[in-house]
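**Q** sharing a model that was predicted from the sequence below.
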Amino acid sequence: MKVVKEFFGHINEETVDLYTLENDHGMSVSCMTLGCIITKIMTPDRDGTLENVVIGYDSVDEYLTDSYYLGAVIGRFAGRIAGASFELDGVTYPLAKNNNGNHLHGGLKGFDKVIWDAEVIEREGEAGVQFSYFSPDGEEGYPGNLNVSVLYTLNNQNELTIRYTAKSDQKTVLNMTNHSYFNLSGNLQRDTLDHSLQLKSSKYLELNDELLPLRVADVQGTPFDFKAAHSIREGAESSFSQNKLAGEGYDHPFILDTNHDHEIVLKEEQSGRSLTIETDEVAVVLYSGTQIQENGEIRGVPARKYLGLCLETQGLPDAVHHPEYPSCWIEKDVEVTKATTYKFGTF
Ligand code: FUC
């Protein structure tokens, strides 16, 4: 196991460092101090060939102008918050408006665009890096001074675990995730339409035309039923209104029926790669990369829809306006922690 630290770039006077965690099988995860962004995950295909399975860029400048949140940690609140404000204990908190008058993924300068401190963590059988950040009271409109850390660890079972820990000096809201775009074909050789996905989820959130949660719906009889694995293409090419609304694909929260039980399994037939995700979180947002513009290249391939897909484990978007959803509030001075594990395998 090893951790290698490299210089990745500058933002004004500040240095951005890249950390590569590598296990004894040569699998590696590269992540940096800007936004805890995962730039690369090298995993073996069924013949043992190591290739990259996430979308990323090679320079800090590309990440600074990026609007896709490639590989980044999202916070304080993942997904959209209607009207960019919420009420807590009788006080209204206006938030940054950065998406059609709504708030998206933490605002104008969310956790994805700030530089985090980093510390290498070496433990038996694990290579890791812990990023930490202090988010002051009022940042992007959110109440409470918040100390937050994100720990990435890689082990010899080809498992990457992301652990989010946070504590605030006031009651506040929190919903963090990682926004990696997976593409198991390796080095973006193919798009993700023929990736097959299995989800232990019976219910999803229907969205309105601003992509905000409308109501809880049953997956039964729709392209949102992934209890038996099927391709992303099935939704992308379906005439089902919720798939059309998401730009011919998916941009929806799925409520998980179970946790730590192979609840999310993604596979790519040609390479033989699989990804199994297990989480503490109540939901996963499946976003099929439908807003990626046909504009230039990403790592040598034409940028386009479906080039990667996100499986964002998290609480429910806009939960601040839905008391019936699982709570998104965190109490004053109480440390909260959530973890998600990504196991890279072959079949
Ligand atoms: C996702 C989506 C959005 C968005 C973005 C880049 O999580 O929910 O619709 O466009 O990230």
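**A** The structure has been received and is ready for your questions.
**Q** every contact and neighbour count from this point should use C-alpha atoms.
**A** Fine.
**Q** for the stretch 1-150 of the chain, just list every one of the strands.
**A** For the stretch 1-150 of the chain, strands defined by DSSP state E, counting those that start in this stretch occupy the ranges 2-11, 14-22, 28-32, 38-44, 50-52, 73-74, 80-81, 85-88, 91-94, 103-104, 117-123, 126-135, 146-155.
**Q** burial of the residue of the chain found nearest the ligand, as a residue count?
**A** Nearest residue of the chain to the ligand: residue 68, at 4.2 Å (CA to the nearest ligand atom). Residue 68 has 15 neighbours, counted by other CA atoms under 10 Å.
**Q** would you confirm that it contacts residue 288?
**A** No: at 11.8 Å, residue 68 and residue 288 do not qualify as touching, with contact defined as CA atoms under 8 Å.
**Q** now do the same contact list for residue 264.
**A** Residue 264 sits next to 197-200, 276-278 when contact means CA atoms under 8 Å, 6 or more residues apart in numbering.
**Q** show me what from the stretch 51-200 of the chain comes close to the ligand.
**A** Listed as neighbours of the ligand in the stretch 51-200 of the chain under the rule CA under 6 Å from any ligand atom: 68-69, 79.
**Q** which residue sits closest to residue 132, ignoring its sequence neighbours?
**A** Among residues not flanking residue 132 along the chain, residue 149 sits closest, at 4.2 Å (CA to CA, 6 or more residues apart in numbering).
**Q** and the one you found, how far is that from residue 159?
**A** Applying CA to CA, to the nearest Å, the value for residue 149 to residue 159 is 19 Å.
**Q** residues of stretch 23-32 that come out buried?
**A** Buried residues in stretch 23-32, counted by 16 or more other CA atoms under 10 Å: 23, 26-32.
**Q** ditto for stretch 290-305
**A** Of the residues in stretch 290-305, 290-291, 298, 304-305 count as buried by neighbour count, 16+ other CA under 10 Å.
**Q** how much space between residue 119 and residue 31?
**A** Taking CA to CA, one finds residue 119 at 12 Å from residue 31.
**Q** whoops, I mixed them up, residue 80
**A** Distance from residue 80 to residue 31, counting by CA to CA: 25 Å.
**Q** same check on residue 58?
**A** For residue 58, the distance to residue 31 (CA to CA) stands at 12 Å.
**Q** which neighbours do those two have in common?
**A** Residues touching both residue 58 and residue 31 (CA under 8 Å, 6+ apart): residue 39.
**Q** give the residue farthest from the middle of the chain.
**A** Here the chain reaches farthest from its C-alpha mean at residue 90, the gap being 31.5 Å by CA atoms, centre = their mean.
**Q** any idea where the helices of the stretch 151-300 of the chain begin and end?
**A** With helices called from DSSP state H, counting those that start in this stretch, the stretch 151-300 of the chain shows them at 232-236, 241-245.
**Q** need the winner for burial among those.
**A** Highest mean neighbour count of those: helix 232-236, a mean of 20 (counted as mean count of other CA atoms under 10 Å).
**Q** got a list of what residue 190 touches?
**A** Shown in contact with residue 190 (CA under 8 Å, 6+ apart): 183, 307.
**Q** ok, now residue 18?
**A** Neighbouring residues of residue 18 by CA under 8 Å, 6+ apart: 5-8, 30-33.
**Q** can you check residue 156 too?
**A** Contact analysis of residue 156 by CA under 8 Å, 6+ apart lists 23-25, 125-126.
**Q** point out the least confident one among those residues.
**A** Note: of those, the lowest pLDDT belongs to residue 125, at 93.
**Q** my guess is that residue meets residue 21, correct?
**A** No: using CA under 8 Å as the test, residue 125 is too far from residue 21 to be in contact (11.9 Å).
**Q** quickly list what's touching both of these two.
**A** Between them, residue 125 and residue 21 share the contacting residues residue 1, judged by CA under 8 Å, 6+ apart.
**Q** and these two? which has more neighbours close in?
**A** Remark: of residue 125 and residue 21, residue 21 carries more neighbours, 27 against 13, as counted by other CA under 10 Å.
**Q** fine, thanks again, bye for now.
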